[in-house]
Each structure stands twice: as structure tokens, then as C-alpha cells.
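**Q** Return a 3D structure for these sequence lines:
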Amino acid sequence: MKTVAERVKKLDSLKKSTSSELRCALNKALKDRSPTVRGVAVEIIGDEELNEMLADVLSMLKDSDSEVRVLAIESIGKLTDGKLYADDIVKLLKDKSELVRISAAEILGEIENTATLDELEAALNDKSSLVRSYAAEAIGSIGQPESVKILQKYLSDEDDERAKVGLYVGLYKLDKKDFLANLINLLGSENYRIRCAVANSLSILNLSSEETLQVINDLRRALDKEETVAARSSIESTLTYLQS
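**A** Residues are numbered from 1 along each chain as shown. All right, here's what the predicted structure looks like:
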């Protein structure tokens, strides 16, 4: 029996082979006893955009390993017909794994299916502040005006800064531009992870020219005071993107 590393290497080598040979190897790998091998197989299907294997990836949403389930969610988002299967992904908002719930919320924001709004709103009550944050951002991405009141309601009861990052981003995406200032203010958080999250979030917003100049100036001031490597890296990355 080949080692896990050898089986993974074999899969990687087959990326340049004929599609039938690759599909055969992937079908076998999806049943491998190693979650590492199964995960690599799922990743390859998404990266190579093997839409004919979408049904196989959907079946991996029920894999026993949480990392494989996450990779399956991400792969579905890369496949042409993935948007048709929001119902399969939305079920994972109740997964036992926090990372799976986060990934599900993130992909649902990319899919932008209004039919998932009720489940995403329910996720705003998740015990994880990260899940609440990603759910709020997804709701904003879907872009229904009536969602403004929902996010504002949850914001009024939210104490966690990480959840607030997503709520501010979601509200901004719903054309409530005043919340940009609230988001920027969190660059002054005592928690460097929050400062990282804010900097990263600022790079994905559709900022106006005036807002971009404002954000650049605020990020420069934050960078002057920042002492942690992680937050400096996030701020510098966003500055580079906004100034390009």
C-alpha cells in the first residue's frame, strides 16, 4: 500500500493526463481512507473545474472529516453549476464544525441566492462570532434592501467586535455607507485579530474614490502605530491593493 504522500503525489501528477484517466483516479481517491487524499481529490475537482464531477463533490459534503467538508464547499463554489446547489450548502450552517459553518456562510455570500436568507439570518445567532460575522457579510452580499433592518437589529445586540466587522461590512454592502466609519474605528481595537479582519475587509469593499482616499489615510495612520507582524501585513496588503 502506497503512503498518503505517494497517493497525493500520484493525483497531482495526473492533472496533466487525459480527463478520463484523471476522473478515474479521482473517483478512487474520493473513497480513500485518508482524509488528506480525499481532500486533495476534492480540491483538484474544483481547481480543474471538472463540472461533470459535481455530484461526487456534493456527496463529500457529508464526509466524516470536517476539513474535507470545507474543501467540498469551496470546490462547489468553483464549479459552473455550483450555484444551483445552495440548498445543499445551507444545511452546513448547522454543522458541528465551526470552520464548516464559516465556509458555508462565505460561499453562500458568493452564490447570492435569496432563498438562503432565512438560514443566514438564523446563523446570526450562532455561538461563534466568526460564523455570525460571515453570515452578516453574506446577507449583505445577497443585497436585499429589507435585510438592512435585520442586520441593524442584530448589531444593536452584538457585543463581539469580530461579529461587528461582518455586520458593518454587510450593512455597507446594503448601501448603508455610514457604517464604513464604524468599521474603520475598529482599527483601534486592542485585539490584533480584529485589526487584521478590518484591514482585510476594507480590501473587498466597492469603495468610491473619496472613500478610498479616506481608507488609505486611515490605514497609513494605523500602520504607523501597529506593532504586530500579522496586522502590519494585513494593513500593508490592503494599502498596496488600494493604491494600485
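**Q** quick one, longest helix in this structure?
**A** Using DSSP state H, we find that the single longest helix of the chain is helix 209-225.
**Q** Which elements pack onto that one?
**A** Judged by 3 or more Cβ pairs under 8 Å, 6 or more residues apart in numbering; DSSP states H and E, the packing partners of helix 209-225 are helix 179-185, helix 192-202, helix 229-243. C-betas here are computed from N, CA, C, even on glycine.
**Q** Highest mean neighbour count out of those helices?
**A** Across these, averaging neighbours per residue (mean count of other Cβ atoms under 10 Å) puts helix 192-202 on top, at a mean of 21.
**Q** Return the angle between stretch directions for that helix and helix 229-243.
**A** 10 degrees (axes from the mean of the first three to the mean of the last three Cα atoms, to 10 degrees).
**Q** what's in contact with helix 192-202?
**A** Helix 192-202 has contacts (Cβ atoms under 8 Å, 6 or more residues apart in numbering) with 133, 137, 161-162, 165, 168-169, 183-184, 186-187, 189, 215, 219, 222, 226, 228, 230-231, 234-235, 237-238, 242.
**Q** Swap in 7 Å and give it another go.
**A** 161-162, 165, 169, 183, 186-187, 189, 215, 219, 228, 230-231, 234-235, 238 (Cβ atoms under 7 Å, 6 or more residues apart in numbering).
**Q** The chain: strands as residue ranges?
**A** Applying DSSP state E to the chain gives no strands.
**Q** Determine the number of other residues adjacent to Ser19.
**A** Residues within reach of Ser19, counting by other Cβ atoms under 10 Å, total 10.
**Q** Give the closest residue to it in space, chain neighbours not counted.
**A** Once flanking residues are discounted, Ser19 sits nearest to Leu50: 7.6 Å by Cβ to Cβ, 6 or more residues apart in numbering.
**Q** Return the residues in contact with the residue nearest to the spatial centre of the chain.
**A** Centroid check for the chain by Cα atoms, centre = their mean gives Glu106 as the closest residue, at 3.6 Å. By Cβ under 7 Å, 6+ apart, the contact set of Glu106 is Tyr134, Ala138.
**Q** Look up how far Leu130 lies from it.
**A** Counting by Cβ to Cβ, to the nearest Å, the separation of Glu106 from Leu130 is 10 Å.
**Q** and if you look at Ser189?
**A** Using Cβ to Cβ, one gets 15 Å for the distance from Ser189 to Leu130.
**Q** Can you give me the domain boundaries for this structure?
**A** Domains of the chain are assigned by automatic domain parsing as 1-80, 86-176, 183-244.
**Q** can you put those domains in a markdown table and add mean pLDDT?
**A** Output for those, formatted as a markdown table (pLDDT from 0 to 100):
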| stretch | mean pLDDT |
| --- | --- |
| domain 1-80 | 93 |
| domain 86-176 | 97 |
| domain 183-244 | 97 |
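**Q** tell me the most buried of these?
**A** It is domain 86-176: most buried of the domains of the chain by mean count of other Cβ under 10 Å, with a mean of 20.
**Q** now that domain: how far from the chain's centre is it?
**A** Centre-to-centre, domain 86-176 and its host chain are 11 Å apart (Cα atoms, centre = their mean, to the nearest Å).
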